[in-house]
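Colleague: I would like the atomic coordinates for the input below:
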Amino acid sequence: DPVDLLERERAGDPIPLTQVDLLAPIPNPPSVVCVGKNYLEHVGEVDTHMPGISKTAPPALPIIFTKAPTAVTGPGGGIVFP
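Modeller: Numbers count the residues shown, from 1 in each chain. Below you'll find the predicted structure:
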């Protein structure tokens, strides 16, 4: 019973992950807008050949890009290529 499970959770008895299905946080979004290189640890991870984009410092302005809505999935879920 879902109500019983919620009551157990509220009482401090968590539901084991083996008993639930984790889904996408936002199912079927119309679009996905992303911000790149927005924290220092990420700056060096991104391989870029864009002019004016450093591999050692965050950009002066945010890098905005989009992804296909099919890229939104739950943990361990597959990404559907359009």
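Colleague: what's the span of stretch 58-68 from first residue to last?
Modeller: By Cα to Cα, to the nearest Å, the extent of stretch 58-68 from end to end equals 25 Å.
Colleague: swap in stretch 8-19?
Modeller: The separation between the terminal residues of stretch 8-19, taken as Cα to Cα, is 13 Å.
Colleague: Not counting its own residues, what contacts it?
Modeller: With contacts defined as Cβ atoms under 8 Å, 6 or more residues apart in numbering, stretch 8-19 is touched by residue 5. All C-beta spots, glycine's among them, are computed from the backbone N, C-alpha and C.
Colleague: Show me how far it is from its chain's centre.
Modeller: Centre-to-centre, stretch 8-19 and its host chain are 24 Å apart (Cα atoms, centre = their mean, to the nearest Å).
Colleague: tell me the mean pLDDT over that stretch?
Modeller: Averaging pLDDT along stretch 8-19 gives 85.
Colleague: do stretch 22-36 as well
Modeller: Averaging pLDDT along stretch 22-36 yields 88.
Colleague: How about residues contacting it?
Modeller: Residues contacting stretch 22-36 (Cβ under 8 Å, 6+ apart): 42, 46, 62-69, 71-75, 77.
Colleague: make it 6 Å
Modeller: For stretch 22-36, the surrounding residues in contact (Cβ atoms under 6 Å, 6 or more residues apart in numbering) are 62, 63, 65, 66, 67, 69, 72, 73, 74, 75.
Colleague: Against residue 38, how distant is the last one?
Modeller: Using Cβ to Cβ, to the nearest Å, one obtains 22 Å as the distance from residue 75 to residue 38.
Colleague: which SSE is residue 33 in?
Modeller: For residue 33, the host element (DSSP states H and E) is strand 32-36.
Colleague: Grab the CA positions of that strand and hand them over as PDB.
Modeller: Extracted C-alpha coordinates of strand 32-36, given in PDB (Å, rounded to 0.1, in the frame of the first residue of the first chain):
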ATOM      1  CA  VAL A  32      16.400  20.900 -22.000                       C
ATOM      2  CA  VAL A  33      18.500  24.000 -21.500                       C
ATOM      3  CA  CYS A  34      22.000  23.400 -20.000                       C
ATOM      4  CA  VAL A  35      24.800  25.600 -18.600                       C
ATOM      5  CA  GLY A  36      28.300  24.500 -19.300                       C
END
